[in-house]
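# Okay, sequence plus prediction incoming.
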Amino acid sequence: MHALLSTSLLLLFLGVTTSQTPPPTRIPLACLPNGTPAATPFTSTYAFTFKYALNFDFVAAQPKAGAQICEFAGPMVGYALGGVPGTAATRIAPNDTALDALGYVASTVLVAAPAGLAGVLNALLANGTSALYTHPEEIVRALAGQLDRDVAVVETVSTSE
């Protein structure tokens, strides 16, 4: 019941219902934040994967969904890490590596944050009462509730400067 409530709450904030979402005929390679992505001092990004309610077909067909994921994912991670400023979503990408296991193409948001924290973020992801899920803003908590806790957070370090 709680997961259903979280999904409904998030979709209500997004202003859509699942019945509005026809599958797109062409899926983009990524969804980017509106305008210029927020400047961030970090060279690492962390991939967080979402449950079915925010599958990539849905997110690609609903621009408001992608925009809100990009807006709130950075603050969600920054808060979970104890208030780290500058964390920001850089893009949402399809995660089709789990297609056979999940039966859908999952959405993965990439969030820039300090390097070397994959273990910490995976521990936060696994603990449903951690700071990752307790942000003061309801919309951010609803977004965190849609994270797939069975898919590990993966760190990518950028080598370009």
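Looks like it arrived, so ask away.

# If you count residues, where's the longest helix of the chain?
Secondary structure of the chain per DSSP state H: the longest helix is helix 63-80.

# Whichever helix or strand comes after that helix vs helix 63-80, what angle?
With elements assigned by DSSP states H and E, the helix or strand that comes after helix 63-80 is strand 88-95. Here strand 88-95 runs at an angle of 120 degrees relative to helix 63-80 (axes from the mean of the first three to the mean of the last three Cα atoms, to 10 degrees).

# just checking, what packs against strand 88-95?
strand 44-49, helix 56-61, helix 63-80, strand 106-113 (3 or more Cβ pairs under 8 Å, 6 or more residues apart in numbering; DSSP states H and E). C-beta coordinates here come from the backbone N, C-alpha and C atoms, glycine included.

# Tell me the gap between it and the middle of its chain.
Centre-to-centre, strand 88-95 and its host chain are 7 Å apart (Cα atoms, centre = their mean, to the nearest Å).

# tell me the mean pLDDT over it?
Averaged across strand 88-95, pLDDT comes to 89.

# Pull that strand out as CSV, backbone CA atoms only.
This file holds the C-alpha atoms of strand 88-95, laid out as CSV (Å, rounded to 0.1, in the frame of the first residue of the first chain):
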residue,chain,number,x,y,z
ALA,A,88,23.2,17.8,-9.5
ALA,A,89,21.5,15.5,-11.9
THR,A,90,23.4,15.5,-15.2
ARG,A,91,21.0,13.3,-17.3
ILE,A,92,18.5,10.5,-17.3
ALA,A,93,19.5,7.5,-19.4
PRO,A,94,17.8,4.2,-20.3
ASN,A,95,19.1,1.1,-18.4
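
# Make 407 the first number, not 1, from now on.
Shifting the count to begin at 407 puts that one at strand 494-501.

# For the spatially most central residue of the chain, give the beta-bridge partners.
Nearest to the mean C-alpha position of the chain, by Cα atoms, centre = their mean, lies V515 at 4.0 Å. For V515, the beta-bridge partners are F454, I498 (DSSP bridges).

# residues in contact with it?
453-454, 456, 475-476, 479, 495, 497-498 (Cβ atoms under 8 Å, 6 or more residues apart in numbering).
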